[in-house]
Structures are given as structure tokens and as C-alpha cells.
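[1] Turn this into a structure:
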Amino acid sequence: MNKSKGETLKILKKKGFNVPDLKLINLKDYKKFNQKKTFEICKYFKGAKIAVRSSSKDEDTSKSSMAGKYNSVLNVNSNNIKAVQSAIKGVIKSYKKQSNQNQVIFQKMVKNVKYSGVCTTIDTHNYLPIIKINFTEDQDTTLITSGKTNKSRTINIFEKKKLFKKK
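    Take a look at the predicted model:
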């Protein structure tokens, strides 16, 4: 079963990657308890600027990466419940399929960015199970997903245990 982008970020954080703290809400829970869930997010981030990001089940699969396909809303004031709700609705509205398994990611906005990019857990050209990081040295965190740069770099991290399974 494919992991969502949010679930993958949690795994990468546990492996020691520098992933900003995050919270996930699935659409089923949000539809049922939207006011309560929004309040919980606002309380958790306590007035910080946050990124409200997509985490659709069809966004990142073992056969494709659709980085940048769905909306993200940046620099949302978590003290403003209406702004947070509006950002959530904007992300959800951008999903191609309105599955209850889809999620919304909430992360504290990063400051003083030196490097930013996209990380996948599979090489989408040959489907090898590797961690692939495509990044740029720039403060604009949207350059890689928007395709606005030709100055990106790539790092491939091979996980020996996944490449060479013992029989």
C-alpha cells in the first residue's frame, strides 16, 4: 500500500532527516470535526506561520511523483482560524479525487532557508527503492516543485536492505 506524502515525511523525520514538525488530518476526520480539528491545529502551532500542504493518496505512488500538482498555502497565521480553514479548503479543493483517505499536512514555516527541494522514496525512472532528493541552493522553497529552476542537484541514498533482500 502506498504511503501518503505526510506519512512519508513522518518516516523520513524518524530516519533523521531535517523535516519540520508536522501534523496530519485525514479528510474523513476533517469533514466530521472541521471546527475542532482546525482549533487543534491552531493551538498546536500557537500563532506561528504555517504551511498547509497537500497529501493526496494519488500524489506520490510507487510509479509516479506528482510534486507540486496540488495546492499548498504558505505563511498562514495559525492564530487566525478563518485563514487556516480557508487554506485547508483550498488544499482539499485542489485534489483530483476527493477520497476520505486524502490528508492535509500542517507544518511550521521554515526560516532562513539555505536549501530546499523534493524528496521521493523511489526513483521514478527505474522504480528502484531509493531516497532521492532533488534540491536547490535558494531561499525560494517553490523552485523545484514549480520547475522554475535549471540549477537543481540530486542526491540518491540507496538503502541496502531494500535493494538486496535475503532469500
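
[2] okay, CA-based contacts and neighbour counts for the rest of this
    Noted.

[3] Was I right to think Asn77 contacts Lys46?
    No: with contact taken as C-alpha atoms under 8 Å, Asn77 and Lys46 are classed as non-touching, separated by 9.4 Å.

[4] What does Ile105 show for phi and psi?
    In terms of degrees, to the nearest 10, the main-chain angles of Ile105 are phi -100, psi 140.

[5] That one bridge partners, please.
    Leu24, Arg53 (DSSP bridges).

[6] So for Asn77 and Lys46, which sits in the more crowded spot?
    Higher neighbour count among Asn77 and Lys46: Asn77, with 18 against 12, using other C-alpha atoms under 10 Å.

[7] which non-adjacent residue is nearest that one?
    Lys49 (4.8 Å; C-alpha to C-alpha, 6 or more residues apart in numbering).

[8] what sits against the one you found?
    74-78, 108-109 (C-alpha atoms under 8 Å, 6 or more residues apart in numbering).

[9] just the buried members of those residues?
    The neighbour count (16 or more other C-alpha atoms under 10 Å) marks 74, 76-78, 108 as buried among those.

[10] ok, the residues you listed vs Gly6, which is closest?
    Lys108 (13.8 Å; C-alpha to C-alpha).

[11] and the closest one, what is it in contact with?
    Applying C-alpha under 8 Å, 6+ apart, the residues contacting Lys108 are 20-22, 45, 48-51.

[12] Repeat that for Val84.
    Counting by C-alpha under 8 Å, 6+ apart, Val84 touches 38, 42, 52, 76-78.

[13] Now do Lys69 against Asn112, distance only.
    According to C-alpha to C-alpha, to the nearest Å, Lys69 and Asn112 sit 25 Å apart.

[14] Oops, could you answer that again for Ser56 instead?
    For Ser56 relative to Asn112 (C-alpha to C-alpha), the value is 28 Å.

[15] Between these two, tell me which one has more neighbours.
    Ser56 (31 against 7).

[16] any idea how this protein splits into domains?
    For the chain, automatic domain parsing gives the domain ranges 1-111, 112-167.

[17] what's the most buried one of those?
    Most buried of the domains of the chain, by mean neighbour count (mean count of other C-alpha atoms under 10 Å): domain 1-111, with a mean of 17.

[18] who's in contact with Met109?
    Residues near Met109 by C-alpha under 8 Å, 6+ apart: 20, 48-51, 74-75.

[19] that's a strand at Cys119, yeah?
    Yes: residue state for Cys119 (DSSP: H, G, I helix; E, B strand; the rest coil) corresponds to a strand.
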